[in-house]
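*Asks:* My questions are about this predicted structure, shown below with the sequence.
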Number of protein chains: 2
Amino acid sequence: MWDIAPQFKAMVVFAEHRFYGKSMPYGNLSYSDAAHMDSFTSEQALADYAVLIAYLKSSIPGVSHSSVIAFGGSYGGMLAAWFRIKYPHVVQGALAASAPVLQFEHYTPCDVFNTIVTKDFALAGDSCPKAIRRSWDAITRLAKSSGGLQYISQAMHLCKPLKKDAGALKSWLTEVYGNLAMANYPYPASFLSPMPAWPIKAVCSKLTDPGLHDKQLIDALFKGISVYFNYTGAAECLDVSQATTGALSDEGWGYQACTEMTMPFCADGVNDMFEPSEWNLQSYSDDCYKKWHVRPRPDWVPLYYGGYNITASSNIIFSNGKLDPWSGGGILKSLSDTLVAIIIDEGAHHLDLRASNKDDPPSVIAARKQEVEIIRRWLGEAAGWEQHAQDGRRLVVHDSQVKREHL
Amino acid sequence: MWDIAPQFKAMVVFAEHRFYGKSMPYGNLSYSDAAHMDSFTSEQALADYAVLIAYLKSSIPGVSHSSVIAFGGSYGGMLAAWFRIKYPHVVQGALAASAPVLQFEHYTPCDVFNTIVTKDFALAGDSCPKAIRRSWDAITRLAKSSGGLQYISQAMHLCKPLKKDAGALKSWLTEVYGNLAMANYPYPASFLSPMPAWPIKAVCSKLTDPGLHDKQLIDALFKGISVYFNYTGAAECLDVSQATTGALSDEGWGYQACTEMTMPFCADGVNDMFEPSEWNLQSYSDDCYKKWHVRPRPDWVPLYYGGYNITASSNIIFSNGKLDPWSGGGILKSLSDTLVAIIIDEGAHHLDLRASNKDDPPSVIAARKQEVEIIRRWLGEAAGWEQHAQDGRRLVVHDSQVKREHL
């Protein structure tokens, strides 16, 4: 956005979603109970954006007739697409980057995300996902053996040694593999965590031998995931209770995932490299109720926003990177002339939204070029329509006067 | 709808808006305070309809792939249009009859409604609106004179004699004139109140002499408005506290008009026949706060639903009768090939939605024919799109599999 704004003479506005960052409707009480959080919805976020845009247009000189394009990545990409779907009179188009608008029950199989993560790791060599797949049982065996939890805790440099089992470590690893796949960029970056170029390759360079014994495997695993949690060398230990949440507000997303944004995930350990886990809506819902006193409404998002059936809408780019595990829940095929899917072969999570970089692969350079061309077309059409709409208004008023005079 | 359902082999479903009729979310407490009413919005009503349609499609054998057309008149017509605007994946089109979607601040002058009512009365002869225009001062003069309130109360057969002033009677008359214009049908009907064919003509037949003295004018006025409140002859007296509210839930609409549906009305007594009254949002808002502890958000409906700027939408018929005072806030000119305005020259409030009648004027017969043709086209297109959407789904799934295999 920063790169292309000048050529469009565009203002760039970042609108903060309520219940994130500083946008707390009830200050410190905003997360205190379900009653304080009932406006914590995607619909309300879109309404806020509409009001914000109307306010900016009415208060900033010279912008009252400006066109507006919505941009977003990930959940922000879903919001960008949905904003155009629900408020086409407010935004002339939307770039929805890596927006998993179909990552919902009945729309996308729950194993797709983990399958794509696994394929990303396999690109660095088959040994890597094999070693990771083996590591779950290795951790389990060690955890049950005498002194095993202590060994794991020391080998992994855990800030707080494991006490009962290795569940917390496994959860952390599971999330980190997904994060590595999302942030598998071709140059050093700090999305989710500071990491080198192609971080999966860096991780996998330590996991080349899937035949290691359990303890050796744990040692190798530590070297691998150090790429994720300690690329800068500043970490003194590995904190599995929070290390993945640094860059994202998990608290807020946890609530949204317990209400509207319930996305099914599962793994089988065969087609993917993860410890098998089933998707169980009921137990998920029970956990939500325990934590937030709310329950998911898993069918609502597809019903409200349309799922696949959005061909009555227009002017949305759905861009997805093939390396991005979220692409499995994205729209990967153009649905009409104006609902355009762009696939970025070498792209991880919304790579196209990042600033241009000398190491950008050709696919993202081409995607950005196509995106700019489409946006330029939308803006041209918007200018035409604005004139048409003004003519329409005059005609309507005129007709109403005629009618009254002749009644 | 009943007339045309058989030729479409259609099921007719009437969905009740929450907070009306029997659809009380909190039973007897539903209207108890603002906190109980915070889901009393048009957005929630549309969401309810979407959920209902999804439920019907999933639970009634054979209808899962049926197309759905939304029908509505007046506020229901607004909802029908907005349903298609916001949920085009749920309804293939909407007939919005007499839907004053533009009857909002900055969109329609506040005097338009009363001006059209006045022209309707003028069609029965200029004397009629002249007599009514004079009656306000006549009532005021009489009310201030010795024994005047008693005279008015007797002449008008009021159930409860006027005590302080004639304000309640004036409010009742103001509303009744509007109701007469809305229900100015070419045959006897019972919309708002049982009335003869062309009820304004019947009222005005008693108000042919605008030069009457005050008391004579009141006598004539009573004869005139008897057409409205006592066409059946069953009324023993005129109850100005509730006579206009029989057929509508004014309580519910009062709340909606104090939150989302704030429609400015005014009169000047010159271009219209009403007692001059200004539109004052602040005092209106203060009244709302006193009654409901809420305040209007007058800009929200146009911002949320788009006002005039709905050309990104499609498949909506906006029908309006030239006799209908609400037509002033309607869309009277087609906005695109698929946003079609139909004007019914001899039509009052959503006449086209009423059952066909031997006394139907040609304009409404032609309008209904055009509506059926357009709906038939929508359904044909919907059948085509459904097939296309299924192909699209297959392609998307296929593509996702390809991607995963080749990653």
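*Replies:* Okay, I see it.
*Asks:* For chain A, name the helix or strand with the lowest mean pLDDT.
*Replies:* Lowest mean confidence among the helices and strands of chain A (mean pLDDT, DSSP states H and E): helix A:362-406, at a mean of 70.
*Asks:* do stretch A:103-114 and chain B meet at all?
*Replies:* Yes - using Cβ under 8 Å from any Cβ of the partner chain, stretch A:103-114 reaches chain B at A:Val112. Where C-beta positions appear, they are placed from N, C-alpha and C, glycine not excepted.
*Asks:* pLDDT averaged over that stretch - what is it?
*Replies:* For stretch A:103-114, the per-residue pLDDT values average out at 96.
*Asks:* Okay, buried residues for that stretch please.
*Replies:* Buried residues in stretch A:103-114, counting neighbours by 16 or more other Cβ atoms under 10 Å in any protein chain shown, are found at A:Gln103, A:Phe104, A:Glu105, A:Tyr107, A:Thr108, A:Cys110, A:Asp111, A:Val112, A:Phe113, A:Asn114.
*Asks:* Could you list which residues are in contact with A:Tyr49?
*Replies:* For A:Tyr49, the contact set (Cβ atoms under 8 Å, 6 or more residues apart in numbering or on different chains) comprises A:Ala15, A:Ala70, A:Leu79, A:Phe83, A:Tyr87, A:Val90.
*Asks:* same question but for A:Leu173, I mixed them up
*Replies:* If you count contacts by Cβ under 8 Å, 6+ apart, then A:Leu173 has A:Ser135, A:Leu221, A:Ile225 around it.
*Asks:* The last one contacts A:Val203, doesn't it?
*Replies:* Yes - counting by Cβ atoms under 8 Å, a contact exists between A:Ile225 and A:Val203, whose distance comes to 6.6 Å.
*Asks:* Show me what from the stretch 51-200 of chain A comes close to chain B.
*Replies:* Neighbours of chain B within the stretch 51-200 of chain A, by Cβ under 8 Å from any Cβ: A:51, A:54, A:86-90, A:112, A:115-116, A:119-120, A:123.
*Asks:* Turn the residues you listed into CSV, including secondary structure.
*Replies:* Shown next, in CSV, are these (DSSP: H, G, I helix; E, B strand; the rest coil):
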residue, secondary structure
A:Val51, helix
A:Ala54, helix
A:Lys86, helix
A:Tyr87, coil
A:Pro88, coil
A:His89, coil
A:Val90, coil
A:Val112, helix
A:Thr115, helix
A:Ile116, helix
A:Lys119, helix
A:Asp120, helix
A:Leu123, coil
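*Asks:* re the thing from before, closest to B:Phe40 out of the buried residues of stretch A:103-114?
*Replies:* Distance ranking of the buried residues of stretch A:103-114 against B:Phe40, using Cβ to Cβ, places A:Phe104 first at 28.5 Å.
*Asks:* ok so, going back, neighbour count winner among A:Ile225 and A:Val203?
*Replies:* Between A:Ile225 and A:Val203, counted using other Cβ atoms under 10 Å in any protein chain shown, the more crowded position is A:Val203 (26 against 22).
*Asks:* Assign a three-state SS to that one, would you?
*Replies:* With three-state DSSP as the basis, A:Val203 sits in helix.
*Asks:* can you pull the contacts of it?
*Replies:* A:Phe121, A:Ala124, A:Cys128, A:Leu180, A:Gly224, A:Ile225, A:Val227, A:Tyr228.
*Asks:* Does the second one touch A:Cys204 like I think?
*Replies:* Yes - applying Cβ under 8 Å as the test, A:Ala124 and A:Cys204 come out as touching, 3.6 Å apart.
*Asks:* who's more crowded, these two?
*Replies:* Neighbour comparison, A:Ala124 and A:Cys204: the larger count goes to A:Cys204, with 24 against 19 (by other Cβ under 10 Å).
*Asks:* For the spatially most central residue of chain A, give me the pLDDT.
*Replies:* Geometric centre of chain A, nearest residue: A:Ser74, 2.8 Å, by Cα atoms, centre = their mean. Here, the pLDDT recorded for A:Ser74 equals 97.
*Asks:* coming back round to it: and of the buried residues of stretch A:103-114, the nearest to chain B?
*Replies:* Of all the buried residues of stretch A:103-114, A:Val112 has the smallest distance to chain B: 7.2 Å, by Cβ to the nearest Cβ.
*Asks:* number of nearby residues for the closest residue to the closest one other than its chain neighbours?
*Replies:* Here the nearest residue to A:Val112 in space, its sequence neighbours aside, is A:Gly328; by Cβ to Cβ, 6 or more residues apart in numbering or on different chains that works out to 3.3 Å. Using other Cβ under 10 Å, A:Gly328 has 23 neighbouring residues.
*Asks:* ditto for A:Cys288
*Replies:* A:Cys288: 19 neighbours (other Cβ under 10 Å).
*Asks:* Repeat that for the one 10 residues further on.
*Replies:* The criterion is other Cβ under 10 Å. On that basis, A:Pro298 has 19 neighbouring residues.
*Asks:* List the contacts of A:Ser205.
*Replies:* A:Ala124, A:Gly224.
*Asks:* now do A:Asp111
*Replies:* A:Asp111 makes contacts with A:Phe265, A:Cys266, A:Ala267, A:Asp268, A:Asn271, A:Asp272, as judged by Cβ under 8 Å, 6+ apart.
*Asks:* for the third one, what are its contacts?
*Replies:* Meaning A:Ala267. Residues near A:Ala267 by Cβ under 8 Å, 6+ apart: A:Asp111, A:Asn114, A:Phe274, A:Glu275, A:Pro276, A:Ser277.
*Asks:* Isn't the fifth one up against A:Asp268?
*Replies:* Which is A:Pro276. Yes - taking contacts as Cβ under 8 Å, A:Pro276 lies within contact range of A:Asp268: 5.3 Å.
*Asks:* Please say which of these two ends up with more neighbours.
*Replies:* Here A:Pro276 and A:Asp268 are compared on neighbour count by other Cβ under 10 Å; more neighbours surround A:Asp268, at 15 against 11.
*Asks:* list the contacts for the more buried one?
*Replies:* A:Asp111, A:Pro276.
*Asks:* A:Pro194 too?
*Replies:* Shown in contact with A:Pro194 (Cβ under 8 Å, 6+ apart): A:Pro188, A:Tyr231, A:Thr232.
*Asks:* Go through those and name the one nearest chain B.
*Replies:* Checking the contacts of A:Pro194 against chain B with Cβ to the nearest Cβ, the nearest one is A:Pro188 at 23.3 Å.
*Asks:* Please determine how far the residue in the stretch 251-400 of chain A that chain B sits nearest to is located from B:Val90.
*Replies:* Chain B sits closest to A:Ala312 of the stretch 251-400 of chain A, with a gap of 3.3 Å, by Cβ to the nearest Cβ. Taking Cβ to Cβ, to the nearest Å as the measure, A:Ala312 and B:Val90 are separated by 10 Å.
*Asks:* between those two, what contacts are shared?
*Replies:* Common contacts of A:Ala312 and B:Val90, defined by Cβ under 8 Å, 6+ apart, are absent altogether.
*Asks:* where do the helices sit along chain A?
*Replies:* A:42-59, A:75-86, A:112-122, A:127-144, A:148-155, A:167-182, A:199-204, A:214-229, A:250-257, A:281-292, A:300-305, A:362-406 (DSSP state H).
*Asks:* neighbours around the closest residue to chain B within the stretch 101-250 of chain A, how many?
*Replies:* Proximity of the stretch 101-250 of chain A to chain B (Cβ to the nearest Cβ) peaks at A:Lys119, 4.0 Å away. Counted with other Cβ under 10 Å, the neighbours of A:Lys119 add up to 22.
*Asks:* which intervals of the stretch 251-400 of chain A have sub-threshold pLDDT?
*Replies:* A:384-400 (pLDDT under 70).
*Asks:* Let's see that with 90 instead.
*Replies:* Within the stretch 251-400 of chain A, the segments meeting pLDDT under 90 span A:251, A:308, A:381-400.
*Asks:* and the nearest residue to the residue of the stretch 251-400 of chain A closest to chain B once chain neighbours are set aside, what does it touch?
*Replies:* With sequence-adjacent residues excluded and distances taken as Cβ to Cβ, 6+ apart, A:Ala312 is closest to B:Pro88, at 3.3 Å. Residues in contact with B:Pro88 (Cβ under 8 Å, 6+ apart) are A:Gly306, A:Ala312, A:Ser313, B:Ser313, B:Ser314, B:Asn315.
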